[in-house]
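[1] below are the sequence and a predicted model; questions follow.
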Amino acid sequence: MKILVLLGVLLCSWAQAGDGPEFVQTPYSEQQVLFDFYFDDPQKINSALYWIRSLMNPLMDTPYDMAPEFLDIKVIIHGTEIVTVAKKNYEKYRDAVDRMRYYAALGVEFRVCGLAAGDYGYRTEDFQDFIKVTPSAITEIAHWQLQGYAVIAPRVMEKKLSIEEIR
């Protein structure tokens with residue numbers, strides 16, 4: 001009897017496997033997300049900003065059609081990438097700053113750790129106008145997580161091979 005049941009399960013799974021993959025339209029709802037940016041190289045912020053895009057674009061597109069005000073997104077910056085949002089470095093990090101400014105216009109809040117700012121010799125007025133300076137990144141992360149925000153810490157790795165090389 002056990003053999004027949006096992007054969008039945010195997011045959012059912014084999015039959016379903018032949019149908020191919022299935023696209024799943026997950027019923028997403030309003031999002032509360034805190035991105036934790038802490039990188040060893042300021043240039044990595046460019047790749048990390050794609051994580052924000054990857055969250056926002058699908059939710060703003062059909063079938064979800066969420067307006068940006070239904071996406072409560074915060075970014076805490078406390079690694080070397082802090083230099084990208086210093087006014088004096090605008091020309092060097094123009095692309096990243098302009099993308100952050102665009103996301104800020106859509107309602108994304110960019111916050112800088114006050115402790116890290118002090119380590120770099122920055123004052124609140126040294127940052128771009130869309131930046132909020134908070135006392136500490138760690139207390140900020142804990143606070144928002146306790147408020148129900150999902151915390152996402154982007155992993156940004158160096159790309160050594162092109163997609164064509166590994167495909």
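    Now that the structure is in, tell me what you want to look at. It should be emphasised that the depicted structure is a prediction, and the values quoted were computed from it without experimental measurement.
[2] now this protein, which segments are flagged as low pLDDT?
    Applying pLDDT under 70 to the chain flags residues 1-18.
[3] what does stretch 102-120 contact?
    49, 52, 56, 68-69, 71-79, 82-83, 85-86, 100, 123-124, 126-127, 130-138, 140 (C-beta atoms under 8 Å, 6 or more residues apart in numbering). Glycine gets a C-beta too; all of them are placed from N, C-alpha and C.
[4] quote the end-to-end distance of it.
    The first and final residues of stretch 102-120 sit 25 Å from each other (C-alpha to C-alpha, to the nearest Å).
[5] verify the stated contact: Thr84 with Ala96.
    Yes: taking contacts as C-beta atoms under 8 Å, Thr84 lies within contact range of Ala96: 5.1 Å.
[6] return the members of the contacts of stretch 102-120 classed as buried.
    49, 52, 56, 71-79, 82-83, 85-86, 100, 126-127, 130-131, 133-134, 137, 140 (16 or more other C-beta atoms under 10 Å).
[7] which of those fall in strands?
    Leu71, Asp72, Ile73, Lys74, Val75, Ile76, Ile77, Ile131, Val133, Thr134 (DSSP state E).
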